[in-house]
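**Q** pasting a predicted model and its sequence here:
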Amino acid sequence: MSTAVMDAPPAEAKATALPRLGSPAPPFEADTTHGTLRLDDFKGGWLILFSHPADFTPVCTTEFVAFAKIAPELKKRNVELLGLSIDSTFSHIAWVRNIEEKFGVKIPFPVIADLNKEVATLYGMIMPGESKTETSRAVFVIDDKGIVRAMVYYPLTTGRNIEEFLRLIDALQTSDTHGVATPANWRPGEKVIVPPPRTVEGADARMKENYERKDWYFSQKSL
Ligand code: BEZ
């Protein structure tokens, strides 16, 4: 038997169950710029786990600066940030030091050094059609119970709207607290959506309820 046959398959070739909305986030343990971290270390709080293609690249630098800027607002909402790319801890350290020196922004969150692509593979962050060696711009919002609540993927060439993740967290936490949904382009303080009835009886009842109603399926209220 040739050694090629006996070798373990590359990490990206292993069959894995990719994250799904509403299901537990895949557990991991990883080397980061803040030491070894496990998914469990974040339990009890929310986590935004995000990947970027590579250190020392311009679009990723703008994203890191933007993530650093919203980090204090996220903290107020019990949300931590955790970055990831297929680079070494030494590269990450050099890059975050460079961002502080050149852009005057301290990166307060840890960054996973996923050189063996283990976490990237577990979370489906590598899109081989775009790049086999870089992670796409993936974002996973994981709630305080370890459940995946949102997943976002952006291509290599497009920087993400980082403020949108703050809005997304506000929307998810508002939905959890008040049992409501949020409309397109919703901002905190604006009217929310009362979930539509799922039965004929519910639809009849909704027509008598005291909401701002367009029709049986469309009711809004202020919180
Ligand atoms: C960037 O972050 O600038 C970048 C990374 C990968 C491909 C293209 C741009």
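**A** Structure received. Residues are numbered from 1 along each chain as shown.

**Q** check contacts around the most centrally placed residue in the chain.
**A** Centroid-nearest residue in the chain, with C-alpha atoms, centre = their mean: F140, separated by 2.6 Å. Contacts for F140 (C-beta atoms under 8 Å, 6 or more residues apart in numbering) come out as P19, A25, L47, I48, L49, F50, Y123, V148, A150, M151. (Each C-beta comes from the backbone N, C-alpha and C, glycine too.)

**Q** inside strands: which ones of those?
**A** Members of the contacts of F140 lying in strands (criterion: DSSP state E): L47, I48, L49, F50, V148, A150, M151.

**Q** in JSON lines: the residues you listed, plus neighbour count and distance to the ligand.
**A** Listed next are the ones in strands among the contacts of F140 as JSON lines, based on neighbours: other C-beta atoms under 10 Å; distance: C-beta to the nearest ligand atom, whole Å:
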{"residue": "L47", "neighbour count": "22", "distance to the ligand": "23"}
{"residue": "I48", "neighbour count": "26", "distance to the ligand": "18"}
{"residue": "L49", "neighbour count": "24", "distance to the ligand": "18"}
{"residue": "F50", "neighbour count": "27", "distance to the ligand": "13"}
{"residue": "V148", "neighbour count": "20", "distance to the ligand": "25"}
{"residue": "A150", "neighbour count": "16", "distance to the ligand": "22"}
{"residue": "M151", "neighbour count": "16", "distance to the ligand": "20"}
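
**Q** tell me the secondary structure for the residue nearest to the centre of the chain?
**A** strand (DSSP: H, G, I helix; E, B strand; the rest coil).

**Q** all the helices of this protein, in order from the start?
**A** 3-6, 58-76, 89-103, 118-122, 163-178, 200-206 (DSSP state H).

**Q** would you turn these into a markdown table with distance to the ligand and mean neighbour count?
**A** Shown next, in a markdown table, are the helices of the chain (distance: least, C-beta to the nearest ligand atom, whole Å; neighbours: other C-beta atoms under 10 Å):
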| stretch | distance to the ligand | mean neighbour count |
| --- | --- | --- |
| helix 3-6 | 31 | 6 |
| helix 58-76 | 3 | 16 |
| helix 89-103 | 11 | 15 |
| helix 118-122 | 15 | 21 |
| helix 163-178 | 17 | 16 |
| helix 200-206 | 48 | 12 |
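
**Q** dump the ones you listed into TSV; add mean pLDDT as well.
**A** Output for the helices of the chain, formatted as TSV (pLDDT from 0 to 100):
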stretch	mean pLDDT
helix 3-6	46
helix 58-76	98
helix 89-103	98
helix 118-122	98
helix 163-178	98
helix 200-206	97
